[in-house]
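Participant: below is the sequence, then the predicted model.
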Amino acid sequence: MTLGALGPDECRARLARGLTLDVGPFRYRVQTGLPSVAENLATLYGDFPIGDDAGLRDFHVRVDPVTGVRRYWRAQVNFWFDGWTPFRPLQADHAFAMLEWGMNWCVAAHAHHYLLLHAAVLERNGRCVILPGDPGAGKSTLTAALMLSGWRLLSDELTVIDRDDGSLLPLARPVSLKNQSIDVIRAFDERAVFGTLAADTHKGSVCHLRPTPLSVARAGERGQAAHIVFPRWRAGAPTRLLPRPKADAFMHVATHAFNYSLLGRLGFEMTAALIDRCDCWDFGYSQLPEALRRFEELVA
């Protein structure tokens, strides 16, 4: 059964008790009594399977109001992980964004049986493209446009790499869009499904985009990396795809890894192997249609 198969009342009731959500290789037990979070989960995770409540979960997470006066006056919420709060409270209308950030943190902080990069991953024609991105580089905008154009999303934020064979594990969750990117993607595809807007967060305005059914349906299919592309959006810039030296690409990828240093020698060897099997590129763009055409040529 998928989350979307539940009616609104049943969805809220199940989430109040705790609901097991299967997301790629991870199982989350998600609990909340907040209607806004339940509604966003139903909207954005409707295609995701609900796991059996028996057995083990990887992460137990909860978002609920704080206790005391802040429950009512300038209301705030907390993210809970295994019974403790790793973050400061946020205002109540940031609750779903907080859950998304917390779910990312669970993987980045604990899933060290994988090499974890802060990068998007998409697949087309059996070839995966990894997109590391600095803030403001246009990574998520490009990721959303590619996904809505038929590419399979493996992840918007976390590249998960198997330590044994270097394959990429899908973790197709909602795409986090910020500020002007929200309107750009709304205009790009009127069929795109968005959650509610969280305004004035520490990242500005944030809104999440529902992953495509294709991406969720193929969540059990691993991918093989073929390209690493470092995107950079600049107003008025021409679309250019230029080779990046592999030594420089290695250093940049290593700085985008959550656990490169923690894995030690294994982190170095896995990153080096990834660079060896990929073509590495710098990609400048300003217009999405031209960018998409160039990416199609890359995996033709």
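Facilitator: Okay, I see it.

Participant: how far does the helix or strand harbouring residue 28 sit from the chain's center?
Facilitator: Residue 28 belongs to strand 26-32 when assigned by DSSP states H and E. Counting by CA atoms, centre = their mean, to the nearest Å, strand 26-32 is centred 16 Å from the centre of its parent chain.

Participant: which helices and strands does it pack with?
Facilitator: helix 8-17, strand 19-23, strand 59-65, helix 95-110 (3 or more CB pairs under 8 Å, 6 or more residues apart in numbering; DSSP states H and E). From N, CA and C alone the C-beta is placed, and that goes for glycine too.

Participant: and for the helix or strand just after it, what are the contacting residues?
Facilitator: The helix or strand immediately downstream of strand 26-32 is helix 35-44, counting by DSSP H and E. Under the criterion CB atoms under 8 Å, 6 or more residues apart in numbering, residues 3-4, 6, 8, 11-12, 15, 30, 32, 63, 92-93, 95-96, 99, 174, 193, 195-196, 208-211 lie in contact with helix 35-44.

Participant: how deep is residue 5 tucked in, by neighbour count?
Facilitator: Residues lying near residue 5 (other CB atoms under 10 Å) number 12.

Participant: which residues sit in contact with it?
Facilitator: By CB under 8 Å, 6+ apart, the contact list for residue 5 is empty.

Participant: tell me how far it lies from residue 274.
Facilitator: 38 Å (CB to CB, to the nearest Å).

Participant: would you mind measuring from the residue nearest to residue 96 when sequence neighbours are not counted to residue 185?
Facilitator: Nearest residue to residue 96, sequence neighbours excluded (CB to CB, 6 or more residues apart in numbering): residue 40, at 4.1 Å. Using CB to CB, we find residue 40 at a distance of 17 Å from residue 185.

Participant: swap in residue 139?
Facilitator: 13 Å.

Participant: what of residue 276?
Facilitator: 34 Å.

Participant: between the two, who's got more neighbours?
Facilitator: residue 185 (23 against 10).

Participant: does that one touch residue 147 like I think?
Facilitator: No: using CB atoms under 8 Å, residue 185 makes no contact with residue 147, being 9.8 Å away.

Participant: can I get the CA coordinates of stretch 247-262 in PDB?
Facilitator: In PDB, the C-alpha atoms belonging to stretch 247-262 read as follows (Å, rounded to 0.1, in the frame of the first residue of the first chain):
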ATOM      1  CA  ALA A 247      42.500  15.900 -10.000                       C
ATOM      2  CA  ASP A 248      40.500  19.100  -9.500                       C
ATOM      3  CA  ALA A 249      37.300  17.100  -9.700                       C
ATOM      4  CA  PHE A 250      38.500  14.700  -7.000                       C
ATOM      5  CA  MET A 251      39.200  17.600  -4.600                       C
ATOM      6  CA  HIS A 252      35.900  19.200  -5.200                       C
ATOM      7  CA  VAL A 253      34.000  15.900  -4.800                       C
ATOM      8  CA  ALA A 254      35.900  15.200  -1.600                       C
ATOM      9  CA  THR A 255      34.800  18.500  -0.200                       C
ATOM     10  CA  HIS A 256      31.200  17.600  -1.000                       C
ATOM     11  CA  ALA A 257      31.400  14.300   0.900                       C
ATOM     12  CA  PHE A 258      29.700  14.100   4.300                       C
ATOM     13  CA  ASN A 259      31.900  11.200   5.500                       C
ATOM     14  CA  TYR A 260      35.100  11.200   3.300                       C
ATOM     15  CA  SER A 261      37.400  11.900   6.300                       C
ATOM     16  CA  LEU A 262      35.500   9.500   8.600                       C
END
